[in-house]
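Novice: predicted structure and sequence below. I'll ask about it afterward.
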Amino acid sequence: MTTRIDTRFVALKAEGRAAFVTFLMAGDPDLDTSLKLIKALPAAGADIIEIGMPFTDPMADGPVIQAGGLRALKAGTTLRKTLAMIREFRNGDDVTPIVLMGYYNPIYIYGVDKFLVDAKVAGVDGLIIVDLPPEEDAELCLPAMKAGLNFIRLATPTTDDKRLPAVLANTSGFVYYVSVTGITGAASADASVVGAAVARIKRYTDLPVCVGFGIRTPQAAHDIAQHANGAVVGSALVDVLNDTLDAEGRATATTVSAVTDLVAALAEGVHGARQAAE
């Protein structure tokens, strides 16, 4: 089954450019503003949209995204409301791929079978679940693939050649390479080191490799996109969103435009990088 993610990467390869992947937390700072932001992302230059599922114990996230998740939870965001927001997005956009990213606990509580049905109906294309290793594929990965959703796996600088085949075994859509060791937003990605890492992963898979963590500027996004099939930016976007909020943490008149302005600048960086022929 071909997903919107597969279709998008085929189109991007034909154009000879990398994907710009944006991450925002669902419901941050509130559900209405969050929907406006997500609706505005494609026109600003996002090729693929990752949407975070807020969770009370986000162990892989740095302070910026943790704060976004807490704002979302405070605003009453649930997994059910997140799926409703994606359904609303799909009313006006049936082509931009959407990936839900987060932790297994909210899905487990929702009920795996029900979640997969509802996610597919809502218009979700893929899942990144950071706390489910390959040994737990029967929990969610295999049912998700059977339901027609891509299951996107993380590879890290500590994923060695012995471990990599297991990580890639049931991965689809793309491989998400975490460019720095540690939590999101903690350090800057080094393009030369990333280039070698992407080349190593590609020895084991034909899937596109997107690089995230540590990309904050258009130049950094450009440099990474020359070595990878996509650049993922999350913390920098949530940071800018946070800077626009009022003293009570509420959205202001500049919240949406501040985020989309940065998205446009980052997209220009990514899309200006030419892809080497594979």
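Specialist: Everything's here; your move.
Novice: for the stretch 101-250 of the chain, give me the ranges with low pLDDT.
Specialist: 181-189 (pLDDT under 70).
Novice: burial of residue 57, as a residue count?
Specialist: Under the neighbour criterion other Cβ atoms under 10 Å, residue 57 is assigned a count of 10. Glycine gets a C-beta too; all of them are placed from N, C-alpha and C.
Novice: helix, strand, or coil at the residue of the chain most remote from its centre?
Specialist: Largest separation from the mean C-alpha position in the chain: residue 247, at 28.4 Å (Cα atoms, centre = their mean). For residue 247, the assignment made with DSSP: H, G, I helix; E, B strand; the rest coil gives coil.
Novice: how much space separates it from residue 152?
Specialist: 38 Å (Cβ to Cβ, to the nearest Å).
Novice: could I get the full set of strands for this protein?
Specialist: Assigned by DSSP state E, the chain shows strands spanning 19-25, 48-52, 98-102, 126-129, 150-151, 154-155, 175-178, 209-212, 230-233.
Novice: sheet-wise, list the partners of the first one with their directions.
Specialist: It stands for strand 19-25. Sheet pairing here is set by DSSP bridges, and for strand 19-25 it gives strand 48-52 (parallel), strand 230-233 (parallel).
Novice: give me the contacts around the shortest one.
Specialist: Meaning strand 230-233. 18-23, 47-48, 50, 174, 176, 208-213, 215-216, 221, 224-225, 266, 269-270 (Cβ atoms under 8 Å, 6 or more residues apart in numbering).
Novice: just to revisit the earlier point, determine which of the strands of the chain approaches residue 254 most closely.
Specialist: strand 19-25 (15.9 Å; Cβ to Cβ).
Novice: could you dump that closest one to CSV, C-alpha only?
Specialist: Output of strand 19-25 as CSV, limited to C-alpha atoms (Å, rounded to 0.1, in the frame of the first residue of the first chain):
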residue,chain,number,x,y,z
ALA,A,19,12.1,17.1,2.2
PHE,A,20,11.5,19.7,4.8
VAL,A,21,9.8,18.0,7.8
THR,A,22,8.2,20.2,10.5
PHE,A,23,7.3,19.2,14.0
LEU,A,24,4.8,20.9,16.3
MET,A,25,3.0,19.7,19.3
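Novice: pLDDT on that strand, on average?
Specialist: Averaging pLDDT along strand 19-25 gives 98.
Novice: run the chain-centre distance for that strand.
Specialist: 5 Å (Cα atoms, centre = their mean, to the nearest Å).
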